[in-house]
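J.: the following block contains a protein sequence and its predicted model.
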Amino acid sequence: MGRTVKKPSLTTWILIGLVAGVVFGTLLPGPAKQLGVLGAIFLRLIKSIIAPLLFATLVSGIASTGSIKTMGRIGGKALVYFEVVTTLALFVGLLAVNLVQPGAGVALPRDAAAGAAVTGPGFAEILEHTFPTSIVDAMARGEVLQIVVFSLLFGMACATIGARARPVLELCDSLTGIMFRFTDYVMWFAPIGVFGAIASTIGEHGLRVLLSLGKLVATLWAAEVFFVVVVLGAVVAVARIPLRRFIQAAREPFLIAFSTASSEAALPKALENLQRFGVPKHIAAFVLPAGYSFNLDGSTLYLALASVFVAQAAGIHLPLGTQILMMLTLMLTSKGVAGVPRASLVVLAATVASFGLPKEGVLLIFGVDTLMDMARTSVNMLGNCLAAAVVARWEGVDLREESVVAS
């Protein structure tokens, strides 16, 4: 009998699309610039999944718990975890930039256009923006946190009225299954979308972006790897997360986030894989979207590193006390960063302006931001997947057993 040939997995095809995009963008930069539409189509398809999937999963998951107290406890645990890990991410970035000094000797283009002052959202603005005026409007604009808040309240209401909510819950259960199948269909297009997105980026900027600010890019990537291996690795060990199965669950969302530089693109697959991993759906559907605003490990590490880099490039010495104050500012402002490409640049510009650093430094970083965005976004997604697993373990869920559909 002939030997059965194993078909390449989706992960393999995404990697093939990634490498092919780099090669195509390098050899044929002109045509490659036009392929960005493939990545845009893929992202649009993904974004069409998020609102109905989040609503259905959260409502059915919360109602199945039958307890508002349970969701309050899960939310509290998630927030504690978010704050501890993002604080560690900030200090890893601060340590890396002070050890390596990537901004030393970089000629800051002071004659560049400074642009208008950028201000970050205040705490009151962020808090108000969390609550939707209309769920339809929130879904249309892709406001993930607003969808989560509405779904939480809706699910709690379903849990309190008992049997009368059963038709709604059955509808949500069916909708969840449909959207997961819909996600599978869209993922068939993922390698093509990744190919187009990477080819367009390389065709537009060229591989020269690797050389102009290579020390900064290398420092960020090394710091992100250190954070994943040491900090997140320690979390895996302490929480007793089965590492091999977790890697299997997280690798596809990680690669999608890496290649598209968008956490939203990886969200549907992450939700599906985490439930198969054993994380209950009400935990996965709450922790993952909440992490978009409160647990952006990769982005907060980048912000700490990039803000001090601007000072180094401008030849400005920042005392340790000022750097710590800057970190506290970033801890607040980074909470307003959505899971979309380039949002971290806005927060960086606001922080740089508030500490009197030249905004030209942000323009300098912009040239290599695509490469750094890929690293920080994929770490964001990995950190949020781990956060959901940790909260599940904290709730007493045994993740060591295989699970096809989590309760």
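T.: Great, that's in hand.
J.: for the stretch 201-350 of the chain, which segments count as helices?
T.: Secondary structure of the stretch 201-350 of the chain (DSSP state H, counting those that start in this stretch): helices at 209-212, 214-226, 233-239, 243-260, 263-277, 281-294, 297-313, 320-333, 343-354.
J.: what does stretch 134-142 rub up against?
T.: 47, 50, 51, 52, 55, 132, 143, 146, 147, 150, 264 (C-beta atoms under 8 Å, 6 or more residues apart in numbering). C-beta coordinates here come from the backbone N, C-alpha and C atoms, glycine included.
J.: please repeat the previous calculation with a cut-off of 10 Å.
T.: Residues from elsewhere that reach stretch 134-142 (C-beta atoms under 10 Å, 6 or more residues apart in numbering): 47-48, 50-52, 54-55, 131-132, 143-151, 153-154, 264, 338-340.
J.: among those, which lie within helices?
T.: Taking DSSP state H, the ones among the contacts of stretch 134-142 that sit in helices are 47-48, 50-52, 54-55, 144-151, 153-154, 264.
J.: grab the nearest non-local neighbour of residue 195.
T.: With C-beta to C-beta, 6 or more residues apart in numbering as the measure, residue 17 is the residue that lies nearest to residue 195, at 3.9 Å, once sequence neighbours are left out.
J.: for the host helix or strand of the one you found, name the packing helices and strands.
T.: Secondary structure from DSSP states H and E places residue 17 in helix 10-27. In terms of contact count using 3 or more C-beta pairs under 10 Å, 6 or more residues apart in numbering; DSSP states H and E, helix 10-27 is assigned the packing partners helix 29-33, helix 36-65, helix 166-187, helix 190-205, helix 243-260.
J.: which of those is buried the deepest?
T.: Each of the helices and strands packed on helix 10-27 was assessed for mean neighbour count using mean count of other C-beta atoms under 10 Å. The highest is helix 190-205, with a mean of 24.
J.: pLDDT weak spots in the stretch 301-407 of the chain?
T.: The stretch 301-407 of the chain contains residues with pLDDT under 70 at 331-347, 350, 354, 360, 363-364, 366-368, 400-407.
J.: hang on, I meant the stretch 1-150 of the chain
T.: Within the stretch 1-150 of the chain, the set of residues satisfying pLDDT under 70 comprises 1-6, 64-68, 105-126.
J.: dump the helices and strands packed on helix 10-27 to JSON lines, plus distance to residue 384.
T.: Conversion of the helices and strands packed on helix 10-27 to JSON lines gives the following (distance: least, C-beta to C-beta, whole Å):
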{"stretch": "helix 29-33", "distance to residue 384": "31"}
{"stretch": "helix 36-65", "distance to residue 384": "14"}
{"stretch": "helix 166-187", "distance to residue 384": "17"}
{"stretch": "helix 190-205", "distance to residue 384": "19"}
{"stretch": "helix 243-260", "distance to residue 384": "9"}
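J.: for residue 392, find the nearest of the ones you listed.
T.: When the helices and strands packed on helix 10-27 are compared by C-beta to C-beta, helix 243-260 sits nearest residue 392, at 11.2 Å.
J.: that closest one to helix 166-187, inter-axis angle?
T.: Angle, helix 243-260 to helix 166-187, by axes from the mean of the first three to the mean of the last three C-alpha atoms, to 10 degrees: 70 degrees.
J.: tell me the gap between helix 243-260 and the middle of its chain.
T.: Mean-position distance between helix 243-260 and its chain equals 12 Å (C-alpha atoms, centre = their mean, to the nearest Å).
J.: re the thing from before, of all the helices and strands packed on helix 10-27, which one comes closest to residue 358?
T.: Shortest separation from residue 358 across those is recorded for helix 190-205, at 22.9 Å, computed as C-beta to C-beta.
J.: just the angle between the closest one and helix 243-260, please?
T.: Direction vectors for helix 190-205 and helix 243-260, defined by the same axes, to 10 degrees, enclose an angle of 50 degrees.
J.: helices and strands around helix 190-205, which ones?
T.: Contact here means 3+ C-beta pairs under 10 Å, 6+ apart; on that basis helix 190-205 packs against helix 10-27, helix 29-33, helix 36-65, helix 209-212, helix 243-260, helix 263-277, helix 369-394.
J.: possible to save these as JSON lines with distance to residue 307?
T.: Compiled in JSON lines, these are given as follows (distance: least, C-beta to C-beta, whole Å):
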{"stretch": "helix 10-27", "distance to residue 307": "30"}
{"stretch": "helix 29-33", "distance to residue 307": "31"}
{"stretch": "helix 36-65", "distance to residue 307": "28"}
{"stretch": "helix 209-212", "distance to residue 307": "20"}
{"stretch": "helix 243-260", "distance to residue 307": "23"}
{"stretch": "helix 263-277", "distance to residue 307": "21"}
{"stretch": "helix 369-394", "distance to residue 307": "13"}
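J.: for residue 305, which of those is the nearest?
T.: Set against residue 305 and scored by C-beta to C-beta, the helices and strands packed on helix 190-205 come closest in helix 369-394, at 9.0 Å.
J.: much appreciated, bye for now.
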